[in-house]
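Engineer: Sharing a model prediction with you, sequence too.
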Amino acid sequence: ELYTMASSAYSAALCSRCHVELSDHDFQNDNFIMNESGSSHSIQHKKCPSDVQVNKPKVSSSGNNTTSSSNNSGGVAVIDICKKAIISQQSQYTYSSVGSCTINALETALRLQLGQSPSVELIDAVLIIASLYTSSMHSGVSDILPKISRYHGVLQCIHWQQYKVQNIHFVTRKLQSLTASTAHDVSCIITKPPETIFVHRYSNDGDDEYVLYDSHPRPQQELNGAHFLIFADLELLNEYLRALFPFVELGAGYGLYGDMMNQCEAHFVQLDYAKLQQDNASGVSQLRQRILEATDYTEIQQQLNSIGDSLHDSFISNQQQQQKQQHMVKNPMEKIKNMVDKASQKIHDIFAEEKKEEKEKEKEKE
């Protein structure tokens, strides 16, 4: 009930401090503060997820490892553990596109797979495509990849797996092995509801670099817009992922819900080279021109919003089903009481009828 109220009255339950959507877990564990000032309302975490700090190694950061859309001569501060940070002044929230992080990740995968390089301009182009998804419903890769013509038949999912957040390093290890075994770039889209991020590895990268893209701002990490982080050290990437998706200790009694809170899923995707060969494509350069330079925004928006409508309908249907089940579970004693009341009334009516008959017989005798 709190979540529903906050979603409608408090800017889709986005934290006004870290701009991350509050989860059911936040509301159930009283990790939120509601603020009202006149007609304006806001909500924020008592403790933001990004307050979990990375244990940064003592590494000096030069002014050359940060690129942003800001023109400030001092540049934008960046976490010390990455080789380079590329930060936009915009994020998915700039466009009020709260449910678009999966589309952001898929669009980035497509563009890096087609040979584009991380840049502020690339981030801003990705955000525009993703903003065409106007639904507040969060989606997964399986919702988007098979149904959007821009991605379907171009990207293919070569592996999917669920992981415990404590084992997030298994994700990057799998990314490493798939890149080696396929001899092609591999992109990994990591979803831990309600957030999705993206990690990419180049197949011909002698420096063993990893590119992380995140459409969410992370103010506590001094990342105030959507950003690319380039890591030259796999363990430092794992350390950062553990900070983004920390293990949440819920205690006993949460069962399956507790397990789900500490799980993420990873979709490993790359260009569908077999399909490209079958279609007699002249190569990635022609595909790049067809996909990136002849973008049909109207078609993409229609397909994305159709998915959003479908997800919303499923959400409402599931919610109604849950309410029905909860009503059945909550009210068995009420049903028993009604049955007992009806039986008691029937017995009372029988005795009343018998008493009435006795009185009538006495009158007849008189």
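Structural biologist: Sure thing, it's come through.
Engineer: mean confidence score for stretch 348-360?
Structural biologist: Averaging pLDDT along stretch 348-360 yields 86.
Engineer: from the chain's centre, how far out does it sit?
Structural biologist: Between the centre of stretch 348-360 and the centre of its chain there are 68 Å (C-alpha atoms, centre = their mean, to the nearest Å).
Engineer: Please apply the same query to stretch 144-154.
Structural biologist: On the basis of C-alpha atoms, centre = their mean, stretch 144-154 sits 19 Å off its chain's mean C-alpha point.
Engineer: what residues does that stretch touch?
Structural biologist: When contacts are defined by C-beta atoms under 8 Å, 6 or more residues apart in numbering, stretch 144-154 is touched by residues 102-103, 106, 110, 155, 157, 267, 269, 271-272, 275, 287, 291, 295, 299-300, 303-304, 306-307. To be clear about C-beta, it is placed using only N, CA and C from the backbone, and glycine gets the same treatment.
Engineer: Drop anything exposed from those.
Structural biologist: 102-103, 106, 110, 155, 267, 269, 271-272, 287, 291, 300, 303-304, 307 (16 or more other C-beta atoms under 10 Å).
Engineer: Tell me which two of those sit farthest apart.
Structural biologist: Spatially, the most separated pair among the buried ones among the contacts of stretch 144-154 is 287 and 307, at 23.5 Å (C-beta to C-beta).
Engineer: which residues in the stretch 201-350 of the chain form helices?
Structural biologist: Per DSSP state H, counting those that start in this stretch, the stretch 201-350 of the chain carries helices over the ranges 234-244, 255-261, 273-278, 284-292, 297-330, 332-365.
Engineer: Ok, the stretch 1-150 of the chain next?
Structural biologist: Counting by DSSP H, counting those that start in this stretch, the helices of the stretch 1-150 of the chain are 2-9, 24-28, 101-113, 120-130, 141-144.
Engineer: now for the third one, which elements pack on it?
Structural biologist: Using 3 or more C-beta pairs under 8 Å, 6 or more residues apart in numbering; DSSP states H and E, the elements in contact with helix 101-113 are helix 120-130, helix 141-144, strand 155-164, strand 186-192, strand 195-201, strand 210-214, strand 263-271.
Engineer: Minimum distance to residue 245: which of the ones you listed has it?
Structural biologist: Short answer: strand 186-192, nearest of these by C-beta to C-beta, at 4.9 Å.
Engineer: What is that closest one packed up against?
Structural biologist: Applying 3+ C-beta pairs under 8 Å, 6+ apart, one finds that strand 186-192 contacts helix 101-113, helix 169-182, strand 195-201, strand 263-271.
Engineer: mind checking pLDDT for residue 366?
Structural biologist: Reported pLDDT at residue 366 in the predicted model: 81.
Engineer: no no, residue 56
Structural biologist: The model reports residue 56 with a pLDDT of 37.
Engineer: cool, residue 283 as well?
Structural biologist: Per-residue confidence (pLDDT) for residue 283: 65.
Engineer: What residues does residue 187 make contact with?
Structural biologist: 108-109, 112-113, 198-201, 268-270.
Engineer: beta partners of it?
Structural biologist: residue 200, residue 269 (DSSP bridges).
Engineer: Equivalent analysis for the one 5 residues further on, please.
Structural biologist: Residues in a beta bridge with residue 192, per DSSP bridges, are residue 195.
Engineer: which sections of the protein are below the confidence cut-off?
Structural biologist: Regions of the chain meeting the criterion pLDDT under 70 cover residues 1-29, 35-42, 48-79, 205-207, 252-257, 278-284, 326-334.
Engineer: mind running it again at 50?
Structural biologist: Low-confidence segments of the chain, defined by pLDDT under 50, are located at 1-12, 38-40, 50-64, 70-78.
Engineer: thinking again about what came up before, using CSV, lay out the helices and strands packed on strand 186-192 together with distance to residue 225.
Structural biologist: Formatted as CSV, the helices and strands packed on strand 186-192 follow (distance: least, C-beta to C-beta, whole Å):
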stretch, distance to residue 225
helix 101-113, 12
helix 169-182, 24
strand 195-201, 14
strand 263-271, 23
